[in-house]
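> Next come a sequence and a model predicted from it.
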Amino acid sequence: MRIAYILLMAGVGLSGPGDALAQASGGTPQTAELDDFSLEPVFPNPFAGETRISYRLGDGLFEVEEEVRVTLRVYNILHQVVAVPVAVDEDGRPGERIEEMSFRRPGLYQAHWDGRDLEGRTATAGPYFLELSVGARSQVRKIMLVR
């Protein structure tokens, strides 16, 4: 955990040095307005095996653009992409990866990460960072995978 703390203080790989600690600790990042989009608290966190991720796309995003591109990624403490969570439909079924996914209306959306990396292997226990990117802006939350 000490390594993660040092990297956070340095702002390694996050959207900006001033936002690193606030974003990872669940605080409000300075790079996004709350009514545009938000990465909600992850539940459960810490988690063993899999977790659900909620994110909100606000009305403000769709005032200018008809379609919004969204990416959701999981990074390790070295800022390497570990996984891309999948969208969850209204019936709770997992769908496609949320990578440059197009959205046409505001709302609260769900994603799922099964605790596996891009190669399908079980990810190691430890801290990870979720990054929700909408256009050039992003929000980050720290999550903890336990085994």
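Nice, thanks for sending it over.

> What helices and strands are in contact with the helix or strand hosting V140?
Using DSSP states H and E, V140 sits within strand 137-145. Judged by 3 or more CB pairs under 8 Å, 6 or more residues apart in numbering; DSSP states H and E, the packing partners of strand 137-145 are helix 20-24, strand 37-39, strand 126-134. Yep, even glycine has a C-beta here, placed from its N, CA and C like the rest.

> Tell me the buried residues in the next helix or strand along the chain from the shortest one?
I take that to be strand 37-39. Per DSSP H and E, the first helix or strand lying C-terminal to strand 37-39 is strand 51-57. Buried residues in strand 51-57, counted by 16 or more other CB atoms under 10 Å: T51, R52, I53, Y55, R56, L57.

> Dump those into a markdown table; add pLDDT and distance to F37 as well.
Shown next, in a markdown table, are the buried residues of strand 51-57 (pLDDT from 0 to 100; distance: CB to CB, whole Å):
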| residue | pLDDT | distance to F37 |
| --- | --- | --- |
| T51 | 94 | 19 |
| R52 | 93 | 18 |
| I53 | 96 | 13 |
| Y55 | 97 | 7 |
| R56 | 96 | 6 |
| L57 | 95 | 5 |
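
> Now L118. Nearest residue, chain neighbours left out?
Spatial nearest neighbour of L118, chain neighbours left out: A83 (6.0 Å); criterion: CB to CB, 6 or more residues apart in numbering.

> what about the one you found, distance to L57?
21 Å (CB to CB, to the nearest Å).

> ok, back up a step: select, out of the helices and strands packed on strand 137-145, the one closest to R73.
For these, proximity to R73 was assessed by CB to CB; strand 126-134 is nearest, at 5.1 Å.
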